[in-house]
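**Student:** structure for the following, please:
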Amino acid sequence: MLRPIKSEEQYESYLEQAYRLMQMDLKPNSKEADDLELLSILIENYEKDHYPMDPPHPIEAILFDWIK
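**Tutor:** Next up is the predicted model:
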């Protein structure tokens, strides 16, 4: 059963689980596809709290988009 991430160890475990699921050919609406979606949401929320990122400087963002 998936639960909110409370520790770095749990975060690492969820990353590994998500990676394994991404390597599979998942069918839409399958249990595995639902698990991957839930893992992604939990991982994203944990990362927002524990690994915040500042937005890029506007000029750098423009240059990055232009270089692509």
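
**Student:** residue 39: how many residues sit nearby?
**Tutor:** If you count neighbours by other Cβ atoms under 10 Å, residue 39 ends up with 21. No exception for glycine: its C-beta is placed from N, CA and C like everyone else's.

**Student:** any idea how far it lies from residue 31?
**Tutor:** Residue 39 sits 12 Å away from residue 31, going by Cβ to Cβ, to the nearest Å.

**Student:** assign residue 29 to helix, strand or coil.
**Tutor:** Of the three states, residue 29 takes coil according to DSSP: H, G, I helix; E, B strand; the rest coil.

**Student:** and it, what's its pLDDT?
**Tutor:** Each residue has a pLDDT score; the one for residue 29 is 94.

**Student:** where in the chain is pLDDT low?
**Tutor:** 65-68 (pLDDT under 70).

**Student:** helices along that one, start to end?
**Tutor:** Ranges of helices within the chain are 8-22, 31-50, 58-67, based on DSSP state H.

**Student:** so for residue 2, which of those helices sits nearest?
**Tutor:** helix 31-50 (5.1 Å; Cβ to Cβ).
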